[in-house]
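Student: sequence and predicted model, in that order:
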There are 2 protein chains.
Amino acid sequence: MSRLLIQNCVVLQIAEDRPTVTLLPNHDIIINGSRIEAIQPSGAANPSQFDEAIQANGMVAMPGLINTHAHVPMVLLRGLAEDVSIDRWFNEYIWPLENNLQEEDVYWGMTLGLAESIRAGITSVADHYFFMDQSARAVERAGTRALLGWAIFSSSGEAMIERTADFAREWNGAANGRIRTILAPHAPYTCTDDYLRAVAHKAKELGLGIHIHAAETMDQTRASIAKTGRTPIQVLEQTGVLDVPTILAHACGALPEDIALLSGYETGIAHAPKTYLKLAMDITPIQSLRDHGIPVGLATDGAVSNNTLNLWEALRLMAMLQKDRAGSAEVMPIEEALYIATRESARVIGMGQELGALEPGYLADLILLDLSGLHHQPVHSITASLVYNTEIHDVHTVIVDGQVLMRDRELLTIDAGEAVEQARLSMQRMATRQPDRRIQTYNP
Amino acid sequence: MSRLLIQNCVVLQIAEDRPTVTLLPNHDIIINGSRIEAIQPSGAANPSQFDEAIQANGMVAMPGLINTHAHVPMVLLRGLAEDVSIDRWFNEYIWPLENNLQEEDVYWGMTLGLAESIRAGITSVADHYFFMDQSARAVERAGTRALLGWAIFSSSGEAMIERTADFAREWNGAANGRIRTILAPHAPYTCTDDYLRAVAHKAKELGLGIHIHAAETMDQTRASIAKTGRTPIQVLEQTGVLDVPTILAHACGALPEDIALLSGYETGIAHAPKTYLKLAMDITPIQSLRDHGIPVGLATDGAVSNNTLNLWEALRLMAMLQKDRAGSAEVMPIEEALYIATRESARVIGMGQELGALEPGYLADLILLDLSGLHHQPVHSITASLVYNTEIHDVHTVIVDGQVLMRDRELLTIDAGEAVEQARLSMQRMATRQPDRRIQTYNP
């Protein structure tokens, strides 16, 4: 196994069980194969005894960011649905636009979006989209880590449950374990109870989890109660979805009783605050969820609502909106925000025991940040800079599974120029909309 | 006079009286001295007939951003006051920290902050701080545009009104008109009525405006009513402050009657949304102010609340928070946000007739943006990218008053390394706090 030495960084460590940050200056990180072997004061390790050495020169080393809910290939459509209500966003834009999607679009969209993600310091993504075998190919080649779920609706038919289960079976554990799979019914408002029940049954059979949109807005919750007498989250419980580990996207419309209910299950919430502001969805009740022991992770959602794949922006929006909603500047302090961005996001994707921390034995997914930019200077507080100042351009080096994917801001595994060119070639075709030809109808 | 040619850009033009954006691809901009002479299709101008030519290669040209309220030298203190209530922020952090300020700190802090501002595409700032002759020296050297006001409190004494008026008289119109001055009483809660009256009298005498914090929070408005029977904005009216052109910072606590009152005066509102979220101040009632004909401009405030001087972040936060508060994704569409960032921000600093637009006769303050970054690709909508995707690193070239201040991301007028080093040298001294030695007390 290949051994990698990262010399002289400031290592950000976060306690496992509480949001306490420790910064270790002048430390080396030793990586053996895909895992961290040791973190020790600089000086003891001899670079000549390693296959590769990276001189960090005082840069900050922290866990790679984890995007707990995205539709990465939607970067192909970014900028095409602005300033419209969520109903129009789905019915007149997204679902007609997605009617244009071909298999190879997903491959190139995923590749382009993974390139953007690596530049932004994102090393893992829980992606929920179509033609996921194409996405899996792109992840395998890019070198990142992913939890992939093939999106289905009731209208996709029962056979698609089998097809997506086949995909999940085939790819789970692929690429040295970098790829894991999950089942991905779209939402309670696009899947009947029977369909959800069948997916839950399949997930149990395969020993996999479920990634689903749930209670995205309070309007959806109200509509669900009016139509079925149950909240969307109660529907998930009654159909057996919550009996497997789940990722619930958004939950801005979760009621207190939903939160109490969820606390009894193995579930995590993906929080994508930029999307919520842009679509006026209100925000996830993070404090209450976390008070009930339900982990919350950061997310970008797709780039047609979030516009970019930038978790730094999600990180500070999350913290600031919690202060705003609570009317207290003391809520969601910096260390808690960093805890959510690292350890807790890893828990949401079911990898809390081996991801989201720089510790011996953990997977070697980490980034080096260059805080020499003028927007950080002078650096009185590294942790404040991480939450409130960091830009994607500050990400200098990205390592996943012990492999260097970006060094000195240069992508090593993806030909970004080729991905951009492919995206350009399909732009006109992708932007065409025929509202009556949509893949689905939003009517929660 | 020197003539500058910018070849082959996409010129962003915004109508004067309504938020309508036009993009002119393959256009040249001709600058003569400090003003724009012409904007015309590429091909007609001969580069050899100009003193300098810049090949824009399809980059976007737009007006330089205008920061309508800042305390730029506070970059020296960034990261030192996090996660604390506004009362503690003032009394235990900012005002004790500012007790450390020496004249030369302001020079270096201003220089460092202007370097950060240029990198971010900010060409003008309305700055409100201390030792402003030092800031004026820094602006003169940096080549940017500024409206400078020397901050005073009642506790500064009557003599300081004279001293700051002397500063204003001396520097108004300096540096080829790039520097303008304004009087800058801190706020109604730190200045007595008599003091505000004396400042207003002095402003009228000098023919200058006033830049002041007002109704920063609803708590301040309530406290003012309880103590004096008047809102902070009513105090400004009664003391004659509103009889001169004013910039009011924040106004998150403006009541409907305040807004009706302000509509009769020549005033503009500076809006710094990141500060409001971080300090849980609620937000400025922008829609209502603008419905009453009161212009609103973008602002960063100081870097101890905003953490960076990044108006792109302020731009998207402004738009997103308006959607959030209105519960409608259709509120504050992209073109309106761009109108506020350009023409309307120019109006707030009293320069709407010659700044904030790319038109013949306007001052040549403009930036070139490189949208080739992966976070923009593919570019279906340039305007969406400007509001929701742009990062400071996308700013490629910055021109103020016809002079190139940054080219290909290289600062040409400021030695940033020297400014960073000076800031580092004072870090320990600047970070020392003795809460009983503060320059002022917050007790609105």
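Tutor: Ah, there it is.
Student: in what element of secondary structure is the closest residue to chain B within the stretch 151-300 of chain A found?
Tutor: Here the stretch 151-300 of chain A gets closest to chain B at one residue, A:Leu277, 3.7 Å apart by C-beta to the nearest C-beta. Using the backbone N, CA and C atoms, a C-beta is placed for each residue, glycine as well. Element membership for A:Leu277, per DSSP states H and E: helix A:273-278.
Student: quick check: next helix or strand after that helix?
Tutor: The helix or strand immediately downstream of helix A:273-278 is helix A:286-291, counting by DSSP H and E.
Student: that next one - contacts with which helices or strands?
Tutor: Contacts defined by 3 or more C-beta pairs under 8 Å, 6 or more residues apart in numbering or on different chains; DSSP states H and E place helix A:286-291 against helix A:256-262, strand A:267-271, strand A:296-298, helix A:311-326.
Student: doesn't A:Ala44 fall inside a strand?
Tutor: No. Read with DSSP: H, G, I helix; E, B strand; the rest coil, A:Ala44 is coil and lies in no strand.
Student: how is chain A carved up into domains?
Tutor: A:3-63+A:362-410, A:65-348 (automatic domain parsing).
Student: could the ones you listed be laid out in CSV, adding mean neighbour count and mean pLDDT?
Tutor: Shown next, in CSV, are these (neighbours: other C-beta atoms under 10 Å in any protein chain shown; pLDDT from 0 to 100):
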stretch, mean neighbour count, mean pLDDT
domain A:3-63+A:362-410, 19, 97
domain A:65-348, 22, 97
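Student: and the residue of the stretch 101-250 of chain A closest to chain B?
Tutor: Here the stretch 101-250 of chain A gets closest to chain B at one residue, A:Glu116, 4.1 Å apart by C-beta to the nearest C-beta.
Student: let's have the helices and strands packed on helix A:286-291 in CSV, adding distance to B:Glu336.
Tutor: As requested, these are exported to CSV (distance: least, C-beta to C-beta, whole Å):
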stretch, distance to B:Glu336
helix A:256-262, 36
strand A:267-271, 28
strand A:296-298, 29
helix A:311-326, 21
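Student: out of those, which is closest to A:Asn443?
Tutor: Set against A:Asn443 and scored by C-beta to C-beta, the helices and strands packed on helix A:286-291 come closest in helix A:256-262, at 21.5 Å.
Student: pretty sure A:Ala249 is touching A:Thr217, no?
Tutor: No. The criterion here is C-beta atoms under 8 Å, and A:Ala249 misses it with A:Thr217 at 11.8 Å.
Student: quick revisit: Serialize the domains of chain A to TSV and add fields for distance to B:Asn307.
Tutor: Converted to TSV, the domains of chain A look like this (distance: least, C-beta to C-beta, whole Å):
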stretch	distance to B:Asn307
domain A:3-63+A:362-410	4
domain A:65-348	9
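Student: those: which one's closest to B:Thr20?
Tutor: Of these, nearest to B:Thr20 by C-beta to C-beta is domain A:65-348, at 14.3 Å.
Student: distance between the ends of the closest one?
Tutor: End-to-end distance for domain A:65-348: 13 Å, by C-alpha to C-alpha, to the nearest Å.
Student: sorry, back to before: can you put the helices and strands packed on helix A:286-291 in a markdown table and add distance to chain B?
Tutor: Output for these, formatted as a markdown table (distance: least, C-beta to the nearest C-beta, whole Å):
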| stretch | distance to chain B |
| --- | --- |
| helix A:256-262 | 21 |
| strand A:267-271 | 15 |
| strand A:296-298 | 17 |
| helix A:311-326 | 4 |
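Student: ok, A:Ile34 to chain B distance?
Tutor: Not Ile; residue A:34 is Ser. Separation of A:Ser34 from chain B (C-beta to the nearest C-beta, to the nearest Å): 26 Å.
Student: contact partners for that residue?
Tutor: For A:Ser34, the contact set (C-beta atoms under 8 Å, 6 or more residues apart in numbering or on different chains) comprises A:176-177, A:363-364, A:401-402.
Student: switch the cut-off to 6 Å
Tutor: Contact analysis of A:Ser34 by C-beta atoms under 6 Å, 6 or more residues apart in numbering or on different chains lists A:364, A:401-402.
Student: okay, now the sheet partners of whichever strand or helix holds A:Asp127, with direction.
Tutor: Per DSSP H and E, A:Asp127 falls inside strand A:122-129. Strand pairing for strand A:122-129, using DSSP bridges, gives strand A:65-70 (parallel), strand A:145-152 (parallel).
Student: can you say which of these is nearest to A:Thr397?
Tutor: The closest of the strands paired with strand A:122-129 to A:Thr397 is strand A:65-70. By C-beta to C-beta, the value is 13.7 Å.
Student: helix or strand right after that closest one?
Tutor: Remark: after strand A:65-70, the chain's next helix or strand is helix A:86-88, criterion DSSP H and E.
Student: quick one: is that following helix near chain B?
Tutor: No. Figure legend: helix A:86-88 not in contact with chain B (C-beta under 6 Å from any C-beta of the partner chain); closest approach 6.7 Å.
Student: next SSE downstream of that helix?
Tutor: Downstream of helix A:86-88, the first helix or strand assigned by DSSP H and E is helix A:95-98.
Student: hang on, A:Glu37 packs against A:Ile29?
Tutor: No. Using C-beta atoms under 6 Å, A:Glu37 is not in contact with A:Ile29, being 8.7 Å away.
Student: list the contacts of A:Leu114.
Tutor: A:142, A:144.
Student: typed the wrong thing, it's A:Phe153
Tutor: A:Phe153 makes contacts with A:186, A:190, A:440, as judged by C-beta under 6 Å, 6+ apart.
Student: try 10 Å
Tutor: Going by C-beta atoms under 10 Å, 6 or more residues apart in numbering or on different chains, A:Phe153 touches A:160, A:185-187, A:189-192, A:195, A:439-441.
Student: A:Asp105 too?
Tutor: Taking C-beta under 10 Å, 6+ apart, we find A:Asp105 in contact with A:73, A:76-77, A:98, A:130-131, A:134, A:422-423, A:426, A:429-430.
Student: give me the distance between it and A:Arg409.
Tutor: Using C-beta to C-beta, to the nearest Å, we find A:Asp105 at a distance of 27 Å from A:Arg409.
Student: so what's the gap between the helix holding A:Leu277 and the chain middle?
Tutor: 15 Å (C-alpha atoms, centre = their mean, to the nearest Å).
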